[in-house]
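J.: Fold the following, please.
(one chain, ligands or ions: 1)
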Amino acid sequence: MTQQEVLCIPIICGFPTKISQDEDKQGRMCPRCNNASVVGASSRTRFELFWIPLIPFSKSHIWICSICQWQMKKGDGHDPQPPGAYAGQQQGAPYLQGPAGHM
Ligand SMILES: [Zn+2]
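T.: Model (predicted):
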């Protein structure tokens, strides 16, 4: 029984994109999976050769969802809303549920 082997040659020079979370705040609502797990991050791409960074490129700020890996460049569209944005329209006074009866 012969098994065909596929050799994977790793590319040792390339343009790796490093994503580092730069805001440790509360997550934003993800438009794809609706979880409050979107955080602001910096995406940096640079040319590397033998894992030595040679030419750093300008970094861009992105939104990234830690659950579904949804990404969006900041400024490309509407920013994801913080989960508190929906609670901002709530009434100030708590209402008692149930029929209001006269005594
Ligand atoms: Zn998501």
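J.: Glu48: which element?
T.: Using DSSP states H and E, Glu48 falls within strand 36-49.
J.: That strand - what's its average pLDDT?
T.: Average pLDDT, strand 36-49: 84.
J.: The closest residue to Pro80 other than its chain neighbours bridge partners, please.
T.: Nearest residue to Pro80 in three dimensions, chain neighbours excluded: Arg28, at 3.7 Å (Cβ to Cβ, 6 or more residues apart in numbering). Using the backbone N, CA and C atoms, a C-beta is placed for each residue, glycine as well. Going by DSSP bridges, Arg28 is paired in beta bridges with Val38.
J.: near the ion, anything from the strand holding Glu48?
T.: No - Strand 36-49 stays clear of the ion (Cβ under 5 Å from the ion), getting no nearer than 6.0 Å.
J.: can you pull the contacts of the closest residue to Ser60 other than its chain neighbours?
T.: Leaving aside its chain neighbours, Ser60 sits nearest to Ser43 (5.2 Å; criterion: Cβ to Cβ, 6+ apart). Residues in contact with Ser43 (Cβ atoms under 8 Å, 6 or more residues apart in numbering) are Thr17, Lys18, Ile19, Lys59, Ser60, His61, Ile62.
J.: quick one: which of these is most hemmed in?
T.: Ile62 (20 neighbours; other Cβ atoms under 10 Å).
J.: Residues in contact with stretch 63-79: which ones?
T.: Contacts of stretch 63-79 (Cβ under 8 Å, 6+ apart): 19, 21, 27-28, 30-33, 35, 37-41, 60-62, 80.
J.: related to what we said a few turns ago, could you give the number of residues near the residue nearest to Pro80?
T.: Neighbour tally, Arg28, other Cβ under 10 Å: 22.
J.: ok, now Val39?
T.: The burial count for Val39: 19, using other Cβ under 10 Å.
J.: quick one, strands of the protein?
T.: Along the chain, the stretches classed as strands by DSSP state E are 13-14, 17-21, 28-29, 36-49, 52-56, 60-65, 71-73.
J.: CSV for those strands, including distance to Gly84?
T.: Converted to CSV, the strands of the chain look like this (distance: least, Cβ to Cβ, whole Å):
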stretch, distance to Gly84
strand 13-14, 40
strand 17-21, 20
strand 28-29, 10
strand 36-49, 9
strand 52-56, 36
strand 60-65, 17
strand 71-73, 20
